[in-house]
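Enquirer: Pasted the sequence and its predicted model underneath.
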Amino acid sequence: MMETSARLLRLLSLLQARREWSGADLADRLGVSARTVRRDVERLRGLDYPVHSATGTAGGYRLGAGARLPPLLLDDDEAVAVAVGLQSAVGAGGVEGIEESSARALAKLEQVLPDRLRRRVAALAAYTVPMRHARREPGVDPDIISELAHACRDHQRLRFTYRALGGDPTSRTVEPLRLVSNQRRWYLVAWDADRADWRTFRVDRLTLTPPHGPRFTPRRPPAEDLGAYVAEGVSTRAYLTRATVLLHLPAEEAAARIPPAAGTLEAVDEHTCLLRTGAYSPATMAVHLLLLDADFEVREPAELTAHIAAVRDRLTRVLEKSPTASRAAPESAVPTHYRFPEGRLPVPLSERSERVSARPGKNPEE
């Protein structure tokens, strides 16, 4: 049988791993009697750990929130996972100040890691270099993220000033639903009370104007998958020209070339998938699709097919008039596909949500 101190640490670890335990389950895991579990729970309470219990057939034990943090007990894989997450956050950006906080937390974690794990984490840090974006995204205040999350949880109306791209600041009153993050940007999905419709707001463009409230009854969400809903909004609904294209690529391969901010993908079979995307104009869309260097079929709109035909005719004329056409590179020298930086399409498509103009009443993505 384990010594009492070791057993208390093991009991605390179990209580952290699951929301609720029955006395019988804890006794079985610790190899002791239910009476010993009750005594150990009382010892933890004497050390100021808030272990709550309920009697009856549905009774059990759970660790509640206390006045101080209990020692965090992690197994090997959990410790490495936390270290990897903190290292990623140090260079991730997106939230102001999170890099410094993550670095401090990582330093504390590395201090208490056993040698075998410290070597694994140190190797990962030494031989991993974060990819820096040429254009740094504006950071979001963590206090604002927390305030928005609390308003979503408590169903409180929010008031804020919003700076839509290309427009004057406007006052908004919304019923917040969820926050959506794609690592580089944060979005708030909310019901706009004045426009009587769902809207998506870039968090870095809003300025809260408290007090918040009153409380509201949550509405039916605009989609089951809000992450996909926001991705579709910034890649498709935000543009006047929208297209649905059948790509002759497996969905997994297409996803490696097309980021979520540039279009949404839906697998049709193991060889093809549907791409739904948007662009400034049919001509721009035609160029983007051709640069994918994959066979495709335009499902809609018909206007896009006309622009692709115009590109075909122009290229045919170029080849007919070019004196070097007969000396063109053999087919084997032509790359089978193009890989753009970070797996993206060219900048006009992958970064376009920065420059698209908001159209009040037309564009659901603010």
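Expert: Everything's here; your move. Numbering: from 1, shown residues only.

Enquirer: I'd assumed Ser88 was in a helix, is it?
Expert: Yes. Secondary structure of Ser88 (DSSP: H, G, I helix; E, B strand; the rest coil): part of a helix.

Enquirer: give me the number of residues near it?
Expert: Per other CB atoms under 10 Å, the neighbour tally for Ser88 reads 13. C-beta: built from backbone N, CA, C; applies to glycine.

Enquirer: From Pro323, how far out is it?
Expert: 53 Å (CB to CB, to the nearest Å).

Enquirer: now Ala228
Expert: Distance from Ala228 to Pro323, by CB to CB: 50 Å.

Enquirer: More neighbours: these two, which one.
Expert: Applying other CB under 10 Å to Ala228 and Pro323 shows that Ala228 carries more neighbours, namely 14 against 6.

Enquirer: Tell me where the model's unsure across the stretch 251-366 of the chain.
Expert: The stretch 251-366 of the chain contains residues with pLDDT under 70 at 325-366.

Enquirer: Do you have the strands of it handy? List them.
Expert: Secondary structure of the stretch 251-366 of the chain (DSSP state E, counting those that start in this stretch): strands located at 264-267, 273-279, 296-300.

Enquirer: residue furthest from the geometric center of this structure?
Expert: For the chain, the largest distance from the centre (CA atoms, centre = their mean) belongs to Pro323, which lies 50.6 Å off.

Enquirer: what are the phi and psi angles of that residue?
Expert: Main-chain dihedrals, Pro323, degrees, to the nearest 10: phi -70, psi -20.

Enquirer: ok so, going back, to Pro222, which of the strands of the stretch 251-366 of the chain lies closest?
Expert: strand 264-267 (14.8 Å; CB to CB).

Enquirer: Of all residues in this protein, which one is nearest the centre?
Expert: Asn182 (3.4 Å).

Enquirer: Just name the most buried of the strands of the stretch 251-366 of the chain.
Expert: Burial of these is given as mean neighbour count (mean count of other CB atoms under 10 Å); strand 273-279 ranks first at a mean of 22.

Enquirer: Give the pairing partners of it; include direction for each.
Expert: strand 241-247 (antiparallel), strand 264-267 (antiparallel) (DSSP bridges).

Enquirer: who are the neighbours in contact with Ala228?
Expert: Thr264 (CB atoms under 8 Å, 6 or more residues apart in numbering).

Enquirer: Buried residues of the one helix or strand it maps to, list them for me.
Expert: Ala228 belongs to helix 226-232 when assigned by DSSP states H and E. Burial within helix 226-232, assessed by neighbour count using 16 or more other CB atoms under 10 Å, is assigned to Leu226, Tyr229, Val230, Ala231, Glu232.

Enquirer: Tabulate the strands paired with strand 273-279 (CSV), appending distance to Arg314.
Expert: Shown next, in CSV, are the strands paired with strand 273-279 (distance: least, CB to CB, whole Å):
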stretch, distance to Arg314
strand 241-247, 19
strand 264-267, 29
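
Enquirer: And the ones you listed: which comes nearest Val95?
Expert: strand 264-267 (25.5 Å).

Enquirer: what sits up against the closest one?
Expert: Looking at strand 264-267 with CB under 8 Å, 6+ apart, the contacting residues turn out to be 228, 231-232, 235-236, 247, 250-251, 254-255, 258, 273-277.

Enquirer: now, which of these sits nearest Ala54?
Expert: When these are compared against Ala54 (criterion: CB to CB), the nearest one is Ala228, at 39.0 Å.

Enquirer: In the stretch 1-150 of the chain, what residue spans correspond to strands?
Expert: For the stretch 1-150 of the chain, the strands defined by DSSP E, counting those that start in this stretch cover 51-54, 60-63.

Enquirer: Quickly list what the residue nearest to Met285 when sequence neighbours are not counted is bridged to.
Expert: Leaving aside its chain neighbours, Met285 sits nearest to Ala279 (4.0 Å; criterion: CB to CB, 6 or more residues apart in numbering). Ala279 has the following beta-bridge partners by DSSP bridges: Thr241.

Enquirer: Run through the helices of the stretch 101-250 of the chain in chain order.
Expert: With helices called from DSSP state H, counting those that start in this stretch, the stretch 101-250 of the chain shows them at 115-126, 142-154, 226-232.

Enquirer: on that earlier part again, distance of the residue farthest from the centre of the chain relative to Arg314?
Expert: Taking CB to CB, one finds Pro323 at 18 Å from Arg314.

Enquirer: And Arg118, by the same measure?
Expert: 61 Å.

Enquirer: cool, and Glu300?
Expert: 23 Å.
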